[in-house]
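Student: Pasting the sequence and the predicted model now:
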Amino acid sequence: DLTRSQADQLRFLQARQKPLVLALNKSDRFRGPELESLLSELARKSGLSDRDVVAISTGGREEVIRLLGEGIEERTDRERRPEIADLRRAVQRHLDRDRELMESLRETAVRSLASEKLDAARDRHRQQQAEELVSKYSRRAVLGALAAVAPGSDLVIQGVLATRLIRELSRLYDVPVKEIEIESFLEMAGGKVKNMTAITLAIAGNAFKAFPGIGTISGGVIHAVAYGMIFDSLGRAAAETMASRGELRPYPAAEAFEDLLHDHLESGAVRFAKMAITRKETGGDEP
């Protein structure tokens, strides 16, 4: 039966003189004649035709009992599949009667699909470009640290590179970024790095074991590898935050940076160690 509130809502909809379908949910609780009787009664009380009163089940969970033998039962829950075929047919029947509406819906669906495809293509392009930017600046961070000649000059180089990287990512994602947001993010990320300095340097140094016969590795080279690992995670964190939030939020970006640095320490260390070794052996410029 319809509650008073449901009856009022139904009358309101009927007063709008629009196609209307009434669906009885949880119809799986009823069987055969009982369900038919309920549908007929709803049609009578609502004034709708029998074809516009349908039975559905929107899913949910159900308990399943399996007999395992020797009187043992196993009870599990599983998802119940939704049953809305009758509702779809009723709605489609009304749509088929209104050609103008069908054309309008079709055009809307085509535009929506085209928009979704364009958005997906844009996102893929941005992700690819972001990865290239992060790779380029991570490489520059390693080379900058190796080229530093004065104490502390490597820190100046890294600060400039980090700011440039974030600004390039902001242009890629069309996200306006204020100087104070960049400074705040870099300051928070720097705090995360301080807490991980020992393990970062240890893993960076350990990465050179993958290259036997290279001789003694200086602390400067190990620091250069660590910078590459840090920049890789820094750029990825900034890009992910801009892509998902449409802005650079310093705190969540710093949290993402910490997670990425943890996750990619070992895999990134060998890659940047190889880069540092190649640079020192060849003495060549950045590719």
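Tutor: In hand now; what should we look at?
Student: What helix or strand is the residue most central in space within the chain located in?
Tutor: By CA atoms, centre = their mean, the chain has its centre lying nearest to Ser244, at 7.0 Å. Using DSSP states H and E, Ser244 falls within helix 219-245.
Student: centre of the chain versus that helix, how much separation?
Tutor: 20 Å (CA atoms, centre = their mean, to the nearest Å).
Student: Which parts of the protein are helices?
Tutor: Here the chain has its helices, by DSSP state H, at 4-14, 32-46, 85-97, 99-147, 153-172, 179-206, 219-245, 250-282.
Student: tell me the most buried of those?
Tutor: helix 219-245 (a mean of 23; mean count of other CB atoms under 10 Å). C-betas here are computed from N, CA, C, even on glycine.
Student: ok, now how distant is the residue nearest to the centre of the chain from Glu131?
Tutor: 16 Å (CB to CB, to the nearest Å).
Student: can you check Glu116 too?
Tutor: For Glu116, the distance to Glu131 - CB to CB - is 23 Å.
Student: ok so, going back, got the angle for the helix holding Ser244 vs helix 99-147?
Tutor: Orientation of helix 219-245 against helix 99-147 (axes from the mean of the first three to the mean of the last three CA atoms, to 10 degrees) gives an angle of 170 degrees.
Student: between helix 219-245 and helix 179-206, how many degrees?
Tutor: Going by the same axes, to 10 degrees, helix 219-245 makes 130 degrees with helix 179-206.
Student: Report all helices and strands that helix 219-245 contacts.
Tutor: helix 99-147, helix 153-172, helix 179-206, helix 250-282 (3 or more CB pairs under 8 Å, 6 or more residues apart in numbering; DSSP states H and E).
Student: Dump the ones you listed to CSV, plus distance to Gln17 and mean pLDDT.
Tutor: Shown next, in CSV, are the helices and strands packed on helix 219-245 (distance: least, CB to CB, whole Å; pLDDT from 0 to 100):
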stretch, distance to Gln17, mean pLDDT
helix 99-147, 14, 85
helix 153-172, 51, 84
helix 179-206, 54, 80
helix 250-282, 50, 78
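Student: No further queries at this time; thank you.
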